[in-house]
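Peer 1: 3D, please:
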Amino acid sequence: MLSYAERIEVKLTEALSPLRLLVRDDSDQHRGHGGYREGGETHFHVEIVSQAFEGLSRVARQRKVYELLESELSERVHALELVTKTPAEAAAAKA
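Peer 2: Sure thing, here's the model as predicted:
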C-alpha cells in the first residue's frame with residue numbers, strides 16, 4: 001500500500017511528466033491545527049516544474065493539480081501548498 005506522499009508523486013509524475021517534483025509531508029508543523037491527524041500525511045508542500053503548465057495561469061495550474069489529487073484530498077489530505085512552474089520560470093528563478 002502506497003503512502004499518500006507516494007500516491008501524490010505517482011499521480012503527478014504520470015499526468016504531468018515533471019522535470020522536477022518535490023513532495024514533502026509538513027503535517028508535523030500543523031499539529032493541533034484543523035485537519036491534522038495523528039500519523040501525519042494531512043499537509044503537504046508540493047513543488048512541480050512541468051511543461052504541462054505552459055500557457056496556464058497560476059490558478060489553472062493549481063486546479064489541474066487539485067483535480068489530479070481529488071481522491072487523496074477527499075480521503076486524508078487536508079492541505080496542499082503548491083509551487084507550480086514551467087521549465088522557463090524555474091530556469092529564470094535560478095538566474
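Peer 1: what's the span of stretch 66-80, first residue to last?
Peer 2: In stretch 66-80, first residue to last residue: 9 Å (Cα to Cα, to the nearest Å).
Peer 1: swap that for stretch 80-95, sorry
Peer 2: Start-to-end, stretch 80-95 (Cα to Cα) is 27 Å.
Peer 1: now swap in stretch 76-88 and tell me
Peer 2: Counting by Cα to Cα, the terminal residues of stretch 76-88 are separated by 33 Å.
Peer 1: Check the offset of that stretch from the chain's centre.
Peer 2: 4 Å (Cα atoms, centre = their mean, to the nearest Å).
Peer 1: Name the surrounding residues that touch it.
Peer 2: In this structure, residues lying in contact with stretch 76-88 by Cβ atoms under 8 Å, 6 or more residues apart in numbering are 4, 8, 19, 26, 30, 34-37, 41-51, 53-54, 58, 61-62, 65-66, 69, 73, 93. The way it works is simple: take the backbone N, C-alpha and C, and place the C-beta from them, glycine included.
Peer 1: just the helices in the protein please.
Peer 2: For the chain, the helices defined by DSSP state H cover 4-16, 58-68, 70-75, 87-94.
Peer 1: just checking, what packs against the second one?
Peer 2: Okay, so that is helix 58-68. Judged by 3 or more Cβ pairs under 8 Å, 6 or more residues apart in numbering; DSSP states H and E, helix 58-68 is in contact with helix 4-16, strand 79-85.
Peer 1: will you turn these into JSON lines that also has mean pLDDT and mean neighbour count?
Peer 2: Formatted as JSON lines, the helices and strands packed on helix 58-68 follow (pLDDT from 0 to 100; neighbours: other Cβ atoms under 10 Å):
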{"stretch": "helix 4-16", "mean pLDDT": "97", "mean neighbour count": "16"}
{"stretch": "strand 79-85", "mean pLDDT": "94", "mean neighbour count": "16"}
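Peer 1: Right, I'll leave it there.
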